[in-house]
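Chemist: Predicted model, plus sequence, below.
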Amino acid sequence: MHELSIACSIVSQAALAAERAGATRVVGVRIAVGALSGVSGDALLFSYDIATEGTPLAGSRLEIRDVPVTIHCAVCNREVVLPDVQHFRCPVCGEP
């Protein structure tokens, strides 16, 4: 479960940023997670709660924004979002 080490890194960076800003408490942290990252959002949320214990982030909320895979199709000459990360084909023209 590599999400715990990711959560620990997030907490470390957020605590450092809070300290630099003179904050004594953090209410929330927002991150973006790419569809190909291999990170489970549920596991990360669970790990975050563990990683924040005893830190200025204890009780804070982790907000995860999912980022889809966007490709440039040379045939269509435009950026498109892949509906499924298992099939790297343009959803408009079908080009790989």
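Modeler: Happy to help now that I have it. Values in this document were obtained by computation on a predicted structure and should not be read as measured data. Numbers count the residues shown, from 1 in each chain.
Chemist: any idea which residue sits dead centre in the chain?
Modeler: Centrality entry for the chain: nearest residue to the mean C-alpha point is Val33, 2.4 Å, by C-alpha atoms, centre = their mean.
Chemist: gap between the residue of the chain positioned farthest from its centre and Val92?
Modeler: For the chain, the largest distance from the centre (C-alpha atoms, centre = their mean) belongs to Val75, which lies 30.4 Å off. Going from Val75 to Val92 by C-beta to C-beta, to the nearest Å gives 9 Å. For glycine as for every other residue, the C-beta is placed from the backbone atoms N, C-alpha and C.
Chemist: you'd agree Gln13 is in a helix?
Modeler: Yes. Remark: Gln13 belongs to a helix, assigned using DSSP: H, G, I helix; E, B strand; the rest coil.
Chemist: rewinding a little: spatially nearest residue to the residue farthest from the centre of the chain, not counting backbone neighbours?
Modeler: Glu95 (4.4 Å; C-beta to C-beta, 6 or more residues apart in numbering).
Chemist: so where does the one you found fall, helix or strand?
Modeler: Per DSSP states H and E, Glu95 falls between elements, in no helix or strand.
Chemist: Over to it: give its phi and psi.
Modeler: With angles defined as degrees, to the nearest 10, Glu95 sits at phi -70, psi 130.
Chemist: So what's the residue count around it?
Modeler: 12 (other C-beta atoms under 10 Å).
Chemist: Just confirm it contacts Arg78, I think it does.
Modeler: No. Shown here, Glu95 and Arg78 do not form a contact pair, counting by C-beta atoms under 8 Å, at 11.7 Å.
Chemist: Quick one: the helices in the protein, in order.
Modeler: With DSSP state H applied, the chain shows helices at 3-21, 41-51, listed in chain order.
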